[in-house]
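In: Please find the sequence and the predicted model below.
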Amino acid sequence: RGGPTTKIHALTDGCGRAVAFTLSPGNHADIAEAPALLDKCPAPTRLLADKGYDANGLRDRLAATETEAVI
């Protein structure tokens, strides 16, 4: 497998409707896109994310806004 790839990072509401999204190169870490997505909306009550977004920096940011991390 070779060639360039792209990742789509999406932030959705509780019904699955897109609130914000960003694009990144395929070799770019998922966690690097989290701040840009979170800056585009008010602090959520819960954030459901996969393990690519599991980092102390993100957990600290979510705790500061009383957002529950579900990773």
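Out: All right, it came through fine. Numbering: from 1, shown residues only.
In: Work out the gap between the helix or strand containing residue 60 and the centre of the chain.
Out: Element membership for residue 60 (DSSP states H and E) is helix 56-64. From the chain centre to the centre of helix 56-64 is a distance of 12 Å (Cα atoms, centre = their mean, to the nearest Å).
In: same deal with stretch 20-39?
Out: Worked out by Cα atoms, centre = their mean, stretch 20-39 lies 6 Å from the chain centre.
In: That stretch: end-to-end distance?
Out: Length of stretch 20-39, first residue to last, Cα to Cα, to the nearest Å: 10 Å.
In: mind listing what's buried in that stretch?
Out: The neighbour-count check on stretch 20-39 (16 or more other Cβ atoms under 10 Å) flags 24, 30, 31, 33, 34, 37, 38 as buried. Yep, even glycine has a C-beta here, placed from its N, CA and C like the rest.
In: With stretch 5-13 instead?
Out: Buried residues in stretch 5-13, defined by neighbour count with 16+ other Cβ under 10 Å: 9, 11.
In: Let me have the buried residues of stretch 20-39 in JSON lines, adding secondary structure as columns.
Out: As requested, those are exported to JSON lines (DSSP: H, G, I helix; E, B strand; the rest coil):
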{"residue": "24", "secondary structure": "strand"}
{"residue": "30", "secondary structure": "helix"}
{"residue": "31", "secondary structure": "helix"}
{"residue": "33", "secondary structure": "helix"}
{"residue": "34", "secondary structure": "helix"}
{"residue": "37", "secondary structure": "helix"}
{"residue": "38", "secondary structure": "helix"}
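In: Give me the average confidence score over the helix holding residue 60.
Out: Mean per-residue pLDDT for helix 56-64: 95.
In: follow-up on the earlier one: tell me the two of the buried residues of stretch 20-39 that are most distant?
Out: Of all pairs drawn from these, the greatest distance, 15.0 Å, lies between 24 and 38 (Cβ to Cβ).
In: Tell me the first helix or strand C-terminal of the helix holding residue 60.
Out: Using DSSP H and E, the helix or strand that follows helix 56-64 towards the C-terminus is strand 68-70.
In: now for that next one, which elements pack on it?
Out: strand 46-48, helix 56-64 (3 or more Cβ pairs under 8 Å, 6 or more residues apart in numbering; DSSP states H and E).
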